[in-house]
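Engineer: for reference, the sequence and a predicted model appear below.
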Amino acid sequence: SARWFTAFRAAAALVLAVLVVVSAHRWRAERQSFDDGDSVEPSSRTQITSTVFVAKPELVWRAPVALDVAEQSIHESSNARDDAGATSADGSVETARELETASASVGERDATAATTTSNATTTTTATAKSDDPCALHLFRHVSKTGGTTVRFWFDRQTVLGEWEYPIPYGASREEWEALKTAWTDAARAYVNGTRAVPPRTLVEVRGHYPNSWNAQNFANVVFEDVLAMKEEFADSCSVTTSYLVRKPVDQYASYYAYYVHDGMEEEIKKEQAGESTKNVWGRSLHEWAATKQDMQTRELLWEECVHHLRAPTYEKNDKWTKDCITVSDEKWARVEALVGQFDVVGTTERFNEFLHVVGKIAGVRDLRYVFSNTGTNVDKVDKEALEVTIKNVTTRDAALYAYADAALNSAIEHHFGSLQTFRRVVDSYEAATVKHGTRHYIGGKPDFTPKYKWVKAEDAKLQDVPTVQLPMWVMPDGGGQAKAYMVQEKVVLVEREKAKAM
């Protein structure tokens with residue numbers, strides 16, 4: 001047992017080192033993009049009345065679609081969504097600047113209800129009345145399916161003064177418990193009439209960084225907690241959930257380009273120079289992909305194999321168990337039970353449609369976001385050849401994708417009447433897309449700058465810029481998760497006009 005423990009510690013240390021290197025590379029790239037972003041100067045506000053941009057919250061509904069649905073449904077709806085341009089080639093948004101500038105809302109929320117104090121201390125919540133519904137929406141993020149775009153979209157709602165997004169995507173048990181308690185208490189107070197402004201909270205669950213507890217315990221703790229909140233507040237609040245699935249060949253290509261490509265190329269160069277014979281990553285995309293079974297299914301379950309997905313395939317200390325080779329029938333049954341309980345299940349390839357359904361049931365008004373097509377390594381992948389390579393190792397992921405595609409159709413028909421009617425709505429939304437430089441503003445580019453912005457807490461303190469706490473928040477910090485991830489520091493919300501120098 002001592003030798004097993006030593007080997008286990010060595011493997012864990014290696015995985016941690018790899019994740020640190022990958023994360024550092026990602027932060028550097030995203031941080032550079034953030035600094036390069038342009039801004040949108042304030043101007044007269046355009047009042048948007050189209051239902052394309054207005055999402056009305058509705059009660060919960062689940063799509064009655066079986067997971068073994070025939071792939072025919074994918075082909076039937078493909079013509080209606082070709083070239084939608086929903087997400088970047090690597091499933092992420094381009095910069096953090098769009099979090100602050102590429103945003104607009106229908107009818108500006110009375111964000112001035114928030115109060116401020118000097119010395120960058122968090123303020124107390126105002127008690128102005130609100131017509132917004134009490135709401136909580138949870139999004140389950142699986143790697144390389146478009147979740148980063150959702151994260152920036154979530155954070156953008158906070159700078160508009162309409163929502164909070166208070167805990168990181170890799171939240172600890174303590175962070176989740178604190179939010180759950182605070183939101184439940186606030187919702188009860190609102191229902192009982194002792195709180196004037198309803199809580200409005202967005203949550204993303206992914207794991208990996210800075211903690212994996214919420215993803216590892218998603219099915220048996222976090223999701224169960226949300227279902228209990230849904231039941232308690234069924235008649236008074238909107239408690240909803242969503243989940244995205246990506247076409248397996250695209251997800252594998254993106255995963256490889258983002259997490260594996262650089263390490264593999266570096267190892268190959270060392271081999272060619274006679275500096276190494278380790279070859280821990282393999283020598284090609286296909287050699288790597290053939291060893292990774294059903295990555296999306298595994299990450300949703302967050303089983304013991306998840307960390308192996310990002311680890312070098314042939315590292316001596318990277319021991320795989322039998323369970324990491326195939327997804328058992330028992331585990332697949334758990335997946336079926338889990339995904340059938342989400343309120344919205346969609347596909348990355350139909351991101352704009354997914355966003356409209358989420359906006360409608362959750363009550364998120366502004367559906368605009370920034371599209372970027374920057375996945376250069378992904379563009380170089382021969383996807384036809386890759387699809388052949390992974391055909392036999394993605395049977396569960398393929399079934400999951402087929403279910404998601406059909407479930408999204410069912411959700412659209414339920415909430416919008418018919419696929420044809422809905423497609424006209426989305427077509428109008430996509431037709432408003434504006435290209436500005438290298439950026440694509442899906443749904444149109446706003447002509448004003450949001451009132452608030454997230455800044456480093458230390459900078460606000462040094463410059464004596466007062467912080468803001470909005471009335472719908474239940475947690476003291478309220479959000480900034482996308483910005484905090486970019487700068488790797490604590491952030492606070494401030495009024496943009498008072499932080500021009502920051």
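Structural biologist: Arrived safely, thanks for sending.
Engineer: so where do the strands sit in the stretch 301-450 of the chain?
Structural biologist: 344-347, 369-371, 434-436, 439-442 (DSSP state E, counting those that start in this stretch).
Engineer: tell me which of those sits most buried.
Structural biologist: strand 344-347 (a mean of 28; mean count of other Cβ atoms under 10 Å). Heads up, the C-betas are built off the backbone N, CA and C, glycines and all.
Engineer: for that one, packing partners?
Structural biologist: strand 237-245, helix 351-362, helix 395-416 (3 or more Cβ pairs under 8 Å, 6 or more residues apart in numbering; DSSP states H and E).
Engineer: can you give me the buried ones in the shortest one?
Structural biologist: Along strand 237-245, these residues count as buried under the neighbour rule (16 or more other Cβ atoms under 10 Å): 237-245.
Engineer: where does the residue nearest to the spatial centre of the chain fall, phi/psi-wise?
Structural biologist: When Cα atoms, centre = their mean is applied to the chain, the residue found nearest the centroid is Gly147 (2.9 Å). Main-chain dihedrals, Gly147, degrees, to the nearest 10: phi -70, psi -30.
Engineer: distance check, the closest residue in space to it that isn't next to it in sequence against Gly170.
Structural biologist: Excluding the flanking residues, the one nearest Gly147 by Cβ to Cβ, 6 or more residues apart in numbering is His141, at 3.3 Å. For His141, the distance to Gly170 (Cβ to Cβ, to the nearest Å) stands at 10 Å.
Engineer: joint contacts of those two?
Structural biologist: Arg206 (Cβ atoms under 8 Å, 6 or more residues apart in numbering).
Engineer: neighbour count winner among those two?
Structural biologist: Using other Cβ atoms under 10 Å as the criterion, His141 and Gly170 rank with His141 on top: 22 against 19.
Engineer: tell me the pLDDT at the more buried one?
Structural biologist: As predicted, His141 sits at a pLDDT of 97.
Engineer: I figured it hits Ala171, correct?
Structural biologist: No - counting by Cβ atoms under 8 Å, His141 does not reach Ala171; the two are 11.9 Å apart.
Engineer: shared neighbours, these two?
Structural biologist: In contact with both His141 and Ala171: Val205, using Cβ under 8 Å, 6+ apart.
Engineer: returning to what we had before: closest one of the buried residues of strand 237-245 to Glu353?
Structural biologist: Distance to Glu353, by Cβ to Cβ, is smallest for Leu244 among these, at 11.3 Å.
Engineer: the closest one bridge partners, please.
Structural biologist: Residues in a beta bridge with Leu244, per DSSP bridges, are Gly346.
Engineer: thinking again about what came up before, which stretch among the strands of the stretch 301-450 of the chain comes nearest Ala460?
Structural biologist: That would be strand 369-371 among the strands of the stretch 301-450 of the chain, by Cβ to Cβ, at 25.2 Å.
Engineer: quick one: strands adjacent to that closest one?
Structural biologist: For strand 369-371, pairing defined by DSSP bridges yields strand 439-442 (antiparallel).
Engineer: helix or strand right after the strand it pairs with?
Structural biologist: Remark: after strand 439-442, the chain's next helix or strand is strand 452-456, criterion DSSP states H and E.
Engineer: sheet partners, orientation included, of that next one?
Structural biologist: Counting by DSSP bridges, strand 452-456 is paired with strand 491-495 (antiparallel).
Engineer: what does the partner strand contact?
Structural biologist: Contacts for strand 491-495 (Cβ under 8 Å, 6+ apart): 116, 120, 122, 158-159, 451-457, 460, 465-470, 477-480, 483-484, 502.
Engineer: swap in 7 Å and give it another go.
Structural biologist: 120, 158, 451-457, 460, 465-468, 478, 480, 483-484 (Cβ atoms under 7 Å, 6 or more residues apart in numbering).
Engineer: likewise stretch 269-280?
Structural biologist: By Cβ under 7 Å, 6+ apart, stretch 269-280 touches 267, 312, 314-315.
Engineer: any chance of CSV for the strands of the stretch 301-450 of the chain, columns distance to Glu224?
Structural biologist: Below are the strands of the stretch 301-450 of the chain laid out as CSV (distance: least, Cβ to Cβ, whole Å):
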stretch, distance to Glu224
strand 344-347, 18
strand 369-371, 30
strand 434-436, 42
strand 439-442, 34
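Engineer: so for Val378, which of those sits nearest?
Structural biologist: Per Cβ to Cβ, nearest to Val378 of these: strand 369-371, 14.7 Å.
Engineer: so where is the stretch 151-300 of the chain shaky, pLDDT-wise?
Structural biologist: Along the stretch 151-300 of the chain, no part satisfies pLDDT under 70.
Engineer: also the stretch 1-150 of the chain?
Structural biologist: For the stretch 1-150 of the chain (pLDDT under 70), the answer is 1-130.
Engineer: what about the stretch 301-450 of the chain, any weak spots by pLDDT?
Structural biologist: In the stretch 301-450 of the chain, residues with pLDDT under 70: 316-323, 372-376.
Engineer: gap between Phe354 and Pro168?
Structural biologist: Counting by Cβ to Cβ - Phe354 and Pro168 are separated by 23 Å.
Engineer: which one's more surrounded, these two?
Structural biologist: Neighbour comparison, Phe354 and Pro168: the larger count goes to Phe354, with 26 against 18 (by other Cβ under 10 Å).
Engineer: what's the spacing between the more buried one and Asp459?
Structural biologist: Counting by Cβ to Cβ - Phe354 and Asp459 are separated by 36 Å.
Engineer: over to Pro210?
Structural biologist: Distance from Pro210 to Asp459, by Cβ to Cβ: 21 Å.
Engineer: the spatially closest residue to Met502 that is not a sequence neighbour bridge partners, please.
Structural biologist: Leaving aside its sequence neighbours, Met502 sits nearest to Val455 (Cβ to Cβ, 6+ apart; 5.0 Å). Counting by DSSP bridges, Val455 forms beta bridges with Val492.
Engineer: pull out the buried positions in the helix or strand Lys461 falls within.
Structural biologist: Lys461 is located in helix 457-462, with elements delineated by DSSP H and E. Neighbour-count burial for helix 457-462, with 16+ other Cβ under 10 Å as criterion, is recorded at 457, 459-460.
Engineer: now those residues in a markdown table, with pLDDT and distance to Glu164?
Structural biologist: Formatted as a markdown table, the buried residues of helix 457-462 follow (pLDDT from 0 to 100; distance: Cβ to Cβ, whole Å):
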| residue | pLDDT | distance to Glu164 |
| --- | --- | --- |
| Ala457 | 95 | 16 |
| Asp459 | 95 | 21 |
| Ala460 | 95 | 18 |
